[in-house]
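*Asks:* need a structure here:
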Amino acid sequence: MTGSDSIRHVIFDLDGTLVDSSAACVDILSDMLAERGGMGTINPVVARAFMSRGGMDMVVGLLGEACTDPVADLAEFRARYQEYTTSPETVFPGVAQGLRRLQDAGYVLSICSNKPQVLCDRVLADTHLADHFAIVVGGRAGLQPKPAPDLLAAVLGELGAAPQECFFVGDSELDHEIARNAAVPFHFVTYGYAAKGWVPHACATHATFPSLIDTIVAHRRRA
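*Replies:* Sure thing, here's the model as predicted:
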């Protein structure tokens, strides 16, 4: 097989693509804010805009004046996240069933996320999604976060796969950029954390996870 007929891997972003992590982040940061005597609250709608900006920007932006040491506050946030139990109800509709359909169709599934590795593993375990994935690559020492190529290159290396053998599925500008730069065909889900009004180019776009799955499974049947 050549070209698109050779695609046998589907690589997913995690936050905003499979799991709505915004509520967990708001819960943790709200606790931090309250313990510091903060009188304000974190608006969940406003918080969603920070979800794809990276942990540092999110912590600084949502803690506001209560953030006195960004590096230490980010470390505290991540330590609390390791103790936080992510509800399976935060999985986007149709994800668990859709992942099974992809596996049944013969695809190998992986994760490529900026979320620290230990948090990726914890969230996937909490939400009962871990068993679907052959490879999980999260933030690690020595690997730069998306949109740098490091994380996706690590996934491809662990899979032993070429870019043309994969689809990449994500919800943000960072995902689109890393896939485009690596020449991996990209599928964009619109329900995640992309900036309002941002429209990707030269890729498939899906309003729901089931519609994404229908498209990828149909591709496999045609191939």
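
*Asks:* C-alpha from now on. contacts and neighbour counts both.
*Replies:* OK.

*Asks:* where does the residue located most distally from the centre of the chain land in three-state SS?
*Replies:* Centroid-distance maximum for the chain: Gly37 at 31.9 Å, with CA atoms, centre = their mean. At Gly37 the chain is in coil, as set by DSSP: H, G, I helix; E, B strand; the rest coil.

*Asks:* pLDDT score for it?
*Replies:* Looking at Gly37, its pLDDT is 87.

*Asks:* Next, the buried residues of the longest strand along the chain.
*Replies:* Counting by DSSP state E, the longest strand found in the chain is strand 108-116. The neighbour-count check on strand 108-116 (16 or more other CA atoms under 10 Å) flags 108-116 as buried.

*Asks:* likewise stretch 41-49?
*Replies:* For stretch 41-49, using 16+ other CA under 10 Å, the buried residues are 47-49.

*Asks:* still on that earlier bit, ok, and what's touching the longest strand of the chain?
*Replies:* The contact list for strand 108-116, computed with CA atoms under 8 Å, 6 or more residues apart in numbering, reads 8-15, 54, 102-103, 120, 132-140, 145-146, 151-152, 155.

*Asks:* ok, of those, which come out buried?
*Replies:* Buried among the contacts of strand 108-116 (16+ other CA under 10 Å): 8-15, 102-103, 120, 132-133, 135-139, 145-146, 151-152, 155.

*Asks:* The residues you listed in strands, which ones?
*Replies:* Counting by DSSP E, the buried ones among the contacts of strand 108-116 place 9-12, 135-139 in strands.

*Asks:* State the phi and psi torsions of Gly98.
*Replies:* Dihedral angles of Gly98 (phi, psi; degrees, to the nearest 10) stand at phi -70, psi -40.

*Asks:* and the gap between it and Pro185?
*Replies:* With distances taken as CA to CA, to the nearest Å, Gly98 is found 19 Å from Pro185.

*Asks:* measure stretch 198-217 end to end?
*Replies:* From its first residue to its last, stretch 198-217 covers 27 Å (CA to CA).

*Asks:* Pull out the buried positions in that stretch.
*Replies:* Buried, per 16+ other CA under 10 Å, within stretch 198-217: 200, 205-206, 208-210, 212-213, 216-217.

*Asks:* tell me the contacts of Ala163?
*Replies:* Actually, residue 163 is Pro. It isn't Ala. Residues near Pro163 by CA under 8 Å, 6+ apart: 156, 182-184.

*Asks:* mean confidence for stretch 185-201?
*Replies:* On average, the pLDDT along stretch 185-201 is 92.
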